[in-house]
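K.L.:
I need the structure of the sequence given here:
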Amino acid sequence: MSEFPIFRELVVQSVTDPAGAAARILALNLGREAVWTGLFLAVVLNTIMFVISDMLMPPPPPEMAVFDMPAVVYFGFMLGGLLVTAVALHKVGRGLGGTGEFAEILVLLVWLQILRVLALAAVLVLTLTVPLLAMLATLATGLYGLYIMLHFIDQAHRLNSLGRSAGVLIASVLAVALGLVVLLQLAGV
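P.N.:
Just a heads-up that it's a prediction; the model follows:
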């Protein structure tokens, strides 16, 4: 139970001082087992939030059916997406002069997903009580999440520049998109 205040402090620090939170997380030097366990926990928690929101919200219109998927499929997409993102951020960051290790990128992405679960829970409560505020909160948390991620990339790769972090993020997104296009082309889609 003594870990809960530390968890709460780290959540608050992630919002108020993302660079400091990232440095603090990296300083923990978590072992491989802890990082991979955290990854699966974060994906399970995100999947639970997906299922809860799916149960509480009306089904999407037929043209949005792509977002209506079984929990196990969502889990797979989430896990695969996080791993691909971690690899892309690691490789692209290294290619652009960063020094971060894969495990450092992964642990920060896992923490970002834990923060995402907390934000999703808050947005879900707002959706049930004040839907308009929920839409604004969704936009705000998405934008601020990007800001936090830029700091996390900066700290992991020791770039000392949010601009360079943005370059790593943009190049990583483009690399993943290009990879998906190639895979779809090879699959005949």
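K.L.:
any idea how far the residue in the chain sticking out farthest from the centre lies from V176?
P.N.:
Distance from the C-alpha centroid of the chain, by Cα atoms, centre = their mean, peaks at G188 (29.9 Å). Applying Cβ to Cβ, to the nearest Å, the value for G188 to V176 is 20 Å. To be clear about C-beta, it is placed using only N, CA and C from the backbone, and glycine gets the same treatment.
K.L.:
also V87?
P.N.:
Taking Cβ to Cβ, one finds V87 at 9 Å from V176.
K.L.:
helix, strand, or coil at the residue farthest from the centre of the chain?
P.N.:
coil (DSSP: H, G, I helix; E, B strand; the rest coil).
K.L.:
what do you get for G100?
P.N.:
coil.
K.L.:
could I get the phi/psi values of it?
P.N.:
Here is the backbone geometry of G100 (degrees, to the nearest 10): phi -70, psi 150.
K.L.:
list the contacts of it.
P.N.:
G100 makes contact with 89-90, 93-94, 153, 156-158 under the criterion Cβ atoms under 8 Å, 6 or more residues apart in numbering.
K.L.:
could I get these as CSV with pLDDT and neighbour count?
P.N.:
Converted to CSV, the contacts of G100 look like this (pLDDT from 0 to 100; neighbours: other Cβ atoms under 10 Å):
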residue, pLDDT, neighbour count
L89, 95, 31
H90, 95, 22
G93, 94, 27
R94, 93, 16
I153, 96, 27
A156, 95, 29
H157, 95, 25
R158, 95, 13
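K.L.:
so which of those is the closest to S165?
P.N.:
Distances from S165 to the contacts of G100, taken as Cβ to Cβ, are shortest for I153 (4.2 Å).
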